[in-house]
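> Turn this into a structure:
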Amino acid sequence: MTAAARRSEVRLIGGQWKRSKLPVADTPGLRPTPDRVRETLFNWLGHDLAGWRCLDAFAGSGALGFEAASRGASNVVLLERDRRLAAALTASKLRLKADALRIENVDALAWMARCPPDSFELVFIDPPFDLPLVEPSLALAQRLVVPDGFVYVEAGQAIAPPPGLRLHRQGRAGAVHFHLLQRADSA
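Purely as a prediction, here's the structure:
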């Protein structure tokens, strides 16, 4: 199997839809979170996200958001600006009967700016590496997570947490630097 064929889908690794496949479109900048990185992330978070509200700000393939819903998150919002990718996410939602998911075909930064504070236990930020989206996304995500809530970030290089967030865990897999940050309110 060629690398291109392997990348045409991702497999969910845990929860009720374990082994279910999500299509991956051949779109510039789309880089699904590798299986081993998702496995590490959900080991850090705990396998059961029952009752959590999650935001997948740059959904792409939807691997992070679907993985959270598969593990019991009660409300998962996937934001995707590309209309074709949003349609593929909707098709996967319908196929899996993933009622906890809501797909929004919007600009993530604009949507996050309008969202009320303290709306999520977990925010995923995995934008295309070639666009300067990590810093503005982190600034918005910090106010969207509840006290002690988490922000997960993937980037092409290691990042320093902005004020209001502290580094909880981090790792690297090839060119992907991944960070789990936690909201750090002043006492």
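
> Beyond the worst-scoring helix or strand of the chain on mean pLDDT, next helix or strand please.
Within the chain, no helix or strand scores below helix 3-6, which has a mean of 42 by mean pLDDT, DSSP states H and E. Toward the C-terminus, helix 3-6 is succeeded by strand 9-11 as the next helix or strand (DSSP states H and E).

> Paired strands for that following strand, with orientation please.
Strand pairing for strand 9-11, determined by DSSP bridges: strand 21-23 (antiparallel).

> From Leu140, how far out is Val123?
9 Å (Cβ to Cβ, to the nearest Å). Bear in mind the C-beta positions are built from the backbone N, C-alpha and C, glycine included.

> That should have said Gln182, apologies.
Distance from Gln182 to Leu140, by Cβ to Cβ: 16 Å.

> Over to Pro127?
Pro127 is 12 Å from Leu140, by Cβ to Cβ.

> longest strand of the chain?
Secondary structure of the chain per DSSP state E: the longest strand is strand 145-155.

> The helix or strand just after it versus strand 145-155: what angle between them?
Following strand 145-155 in sequence order, the next helix or strand is strand 165-173 (DSSP H and E). For strand 165-173 against strand 145-155, the angle by axes from the mean of the first three to the mean of the last three Cα atoms, to 10 degrees is 30 degrees.

> can you pull the buried residues of strand 165-173?
For strand 165-173, the neighbour count (16 or more other Cβ atoms under 10 Å) marks 165, 168-169 as buried.

> And stretch 51-62, by the same measure?
For stretch 51-62, the neighbour count (16+ other Cβ under 10 Å) marks 52-62 as buried.

> residues touching the nearest residue in space to Ser119 that is not next to it in sequence, list them.
Nearest residue to Ser119, sequence neighbours excluded (Cβ to Cβ, 6 or more residues apart in numbering): Leu144, at 5.4 Å. Leu144 sits next to 55, 112, 115, 117-120, 123 when contact means Cβ atoms under 8 Å, 6 or more residues apart in numbering.

> how close does Leu144 get to Leu181?
12 Å.

> Please apply the same query to Asp35.
Distance from Asp35 to Leu181, by Cβ to Cβ: 22 Å.

> Which parts of the chain are strands?
Using DSSP E, strands in the chain cover 9-11, 21-23, 53-56, 75-79, 101-104, 120-125, 145-155, 165-173, 176-183.
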